[in-house]
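**Q** Okay, structure incoming, though there's no sequence with it:
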């Protein structure tokens, strides 16, 4: 699946609360948009339960398939937080208290408040590199190409800026959207022709309902603006011929 | 992964728009909550791109691991809608115009409006069973234990009621939440003891920020109310001892 021109990533969302439907995952979208801006394309997301063997197998599978893997969830202090121990096992590394993490957390808490429960947040592969957490102290970490982040969306977001310099991206992936007033079947053939003429642009078509009216969003994605522009002019041509209204362009 | 007592399912979200972060997936949560009510537990979700081989491999992998598999996305009329053809290939079935689907769509559209573009929505494995679509006509389908639904959330939702009778579920999974005013590290050890004493209840702990205050949601999941009640009383005991306030119980 690796491709010389593309830098690709996988995301692993760890947590029973997402699988049960109780919590809506928003971290996938946060991580994907951020990676796009670095020229890294997310190729697969897996949501898996808090089961050690499943975490180990999934991490070992994806870290070979993709340039980078990001995990979210399961690095807190409670019994269901088993990501750090599972990652240690996946890489066959020592799972113990990480000196640098201990030192960060000791400074973060008031004297006497760095309890045994909190100390668990410093347990991880002892060889891991830390990912600083400007929001709530407890660091994430990475081992080789696997980056482990917390599940709480606001904390995860605050930590991404501290990782960017560790990643080697490709050309940023540009995206343009044309929203038009039609139904998909009306433009299917013409759009398919545009895709055939422009194989290196990702063209997606998504029906929408907005303000009580039907429409279609055509999304064009490529690292080359000129290629997107070429598609846009071909699309404008058939839109005009078919007398379809444009809602907006973004 | 199959377990006699449990009926388990996998979900495959097909679509570049979710992987790019442009669209936030909500279908996972919709399908999971509905399956829970039927006593079926979602064990894995995969988000994959519109690439034929990836769809085929993922479907063939998950349909062996789980009792049921649900796919969402890629069954519309445009060039990027390749789910139906990929499913045909995964099962080695004939991909062609489905008689019953044609007859439904012919009735749905006004005379002359059932265009070539729309006819593509009737292409699927010819042996598939249809899943009726009360919202927009175009049916979904199932082959054996794989159920293919559209990606548009409102349409997907409207189709679930028509599938329930095709599924054999287990005991409905009950869920209770206790929201308390504390931090995870404060209760980690006590909660871990409760989990050790009640191995057949799924106990999750999730920090939250609400109205500017920190808290922890403890979520208990089991098919047996009496087992949940037992956990609740053990949790109430340590909450009282630690003098922790309860925010609410649900």
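**A** Nice, I can see it. Values in this document were obtained by computation on a predicted structure and should not be read as measured data.
**Q** going forward, measure contacts between C-alpha atoms and count neighbours the same way
**A** Noted.
**Q** So stretch A:197-211, near chain B or not?
**A** Yes: where contact is defined by CA under 8 Å from any CA of the partner chain, part of stretch A:197-211 touches chain B, namely A:203, A:204, A:205, A:207, A:208.
**Q** Adding secondary structure, write those out as a markdown table.
**A** A markdown table is the format used below for these (DSSP: H, G, I helix; E, B strand; the rest coil):
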| residue | secondary structure |
| --- | --- |
| A:203 | strand |
| A:204 | strand |
| A:205 | strand |
| A:207 | strand |
| A:208 | strand |
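**Q** could these be laid out in a markdown table, adding pLDDT, neighbour count and distance to residue B:39?
**A** Formatted as a markdown table, the entries for those read as follows, by pLDDT from 0 to 100; neighbours: other CA atoms under 10 Å in any protein chain shown; distance: CA to CA, whole Å:
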| residue | pLDDT | neighbour count | distance to residue B:39 |
| --- | --- | --- | --- |
| A:203 | 96 | 24 | 39 |
| A:204 | 95 | 21 | 36 |
| A:205 | 94 | 25 | 35 |
| A:207 | 90 | 19 | 32 |
| A:208 | 88 | 19 | 32 |
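**Q** Now residue A:202: closest residue in space that isn't a chain neighbour?
**A** With CA to CA, 6 or more residues apart in numbering or on different chains as the measure, residue A:221 is the residue that lies nearest to residue A:202, at 5.0 Å, once sequence neighbours are left out.
**Q** in its sheet, what does the helix or strand encompassing the one you found sit against?
**A** Residue A:221 is part of strand A:213-222, with elements assigned from DSSP states H and E. According to DSSP bridges, strand A:213-222 has the following sheet partners: strand A:174-181 (antiparallel), strand A:202-210 (antiparallel).
**Q** how far does the first one sit from the chain's center?
**A** Centroid separation between strand A:174-181 and its chain, computed with CA atoms, centre = their mean, to the nearest Å, is 22 Å.
**Q** how big is the angle separating the helix ranked longest in chain A from strand A:174-181?
**A** Assignment by DSSP state H gives helix A:225-241 as the longest helix of chain A. Here helix A:225-241 runs at an angle of 10 degrees relative to strand A:174-181 (axes from the mean of the first three to the mean of the last three CA atoms, to 10 degrees).
**Q** any residue of helix A:225-241 up close to chain B?
**A** No: contact between helix A:225-241 and chain B is absent, the nearest approach being 14.2 Å (criterion: CA under 8 Å from any CA).
**Q** same for that helix, what does it pack against?
**A** Counting contacts by 3 or more CA pairs under 8 Å, 6 or more residues apart in numbering or on different chains; DSSP states H and E, helix A:225-241 packs against helix A:184-197, strand A:213-222.
**Q** how about these in JSON lines, adding mean neighbour count, mean pLDDT and distance to residue B:58?
**A** Listed next are the helices and strands packed on helix A:225-241 as JSON lines, based on neighbours: other CA atoms under 10 Å in any protein chain shown; pLDDT from 0 to 100; distance: least, CA to CA, whole Å:
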{"stretch": "helix A:184-197", "mean neighbour count": "18", "mean pLDDT": "95", "distance to residue B:58": "25"}
{"stretch": "strand A:213-222", "mean neighbour count": "18", "mean pLDDT": "94", "distance to residue B:58": "24"}
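**Q** farthest residue from the center of chain A?
**A** For chain A, the C-alpha lying farthest from the average C-alpha position belongs to residue A:241; by CA atoms, centre = their mean, that distance is 38.8 Å.
**Q** what's the spacing between that one and residue A:183?
**A** Look at residue A:241 and residue A:183: by CA to CA, to the nearest Å, they are 15 Å apart.
**Q** where do the helices sit along chain A?
**A** Assigned helices in chain A, in chain order: A:16-19, A:27-37, A:52-65, A:83-90, A:99-108, A:116-119, A:153-160, A:184-197, A:225-241 (criterion: DSSP H).
**Q** Tell me which of the helices and strands packed on helix A:225-241 sits nearest to residue A:41.
**A** Distances from residue A:41 to each of the helices and strands packed on helix A:225-241 were compared using CA to CA; the shortest belongs to strand A:213-222, at 10.8 Å.
**Q** And for the closest one, what's in contact with it?
**A** Outside of strand A:213-222, the residues that reach it under the criterion CA atoms under 8 Å, 6 or more residues apart in numbering or on different chains are A:173-184, A:200-209, A:228, A:231.
**Q** Of these, select the buried ones using a PyMOL command.
**A** To isolate the buried members of the contacts of strand A:213-222 in PyMOL, using 16 or more other CA atoms under 10 Å in any protein chain shown:
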select buried, chain A and resi 173+175+176+177+178+179+180+181+182+183+184+201+203+204+205+206+207+208+228+231
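**Q** low pLDDT regions in chain A?
**A** Judged by pLDDT under 70, chain A has its weakly predicted residues at A:1-4.
**Q** domains of it?
**A** Using automatic domain parsing, the domain ranges for chain A come out as A:7-166, A:174-249.
**Q** how far does the first one stretch from start to finish?
**A** Same thing as domain A:7-166. Between the start and the finish of domain A:7-166 there is a gap of 14 Å, counting by CA to CA.
**Q** Contacts only, for residue A:146.
**A** A:59, A:63, A:68, A:69, A:70, A:71.
**Q** hang on, the fourth one packs against residue A:13?
**A** To tie it back to what came earlier, the one meant is residue A:69. No: Residue A:69 lies out of contact with residue A:13 (CA atoms under 8 Å); the separation is 10.7 Å.
**Q** Which one's more surrounded, these two?
**A** When residue A:69 and residue A:13 are compared on other CA atoms under 10 Å in any protein chain shown, the one with more neighbours turns out to be residue A:13, at 27 against 24.
**Q** chain center to stretch A:106-125: distance?
**A** Stretch A:106-125 sits 29 Å away from the centroid of its parent chain (CA atoms, centre = their mean).
**Q** same check, this time on stretch A:173-193
**A** Averaged C-alpha coordinates place stretch A:173-193 at 25 Å from its chain's average position (CA atoms, centre = their mean).
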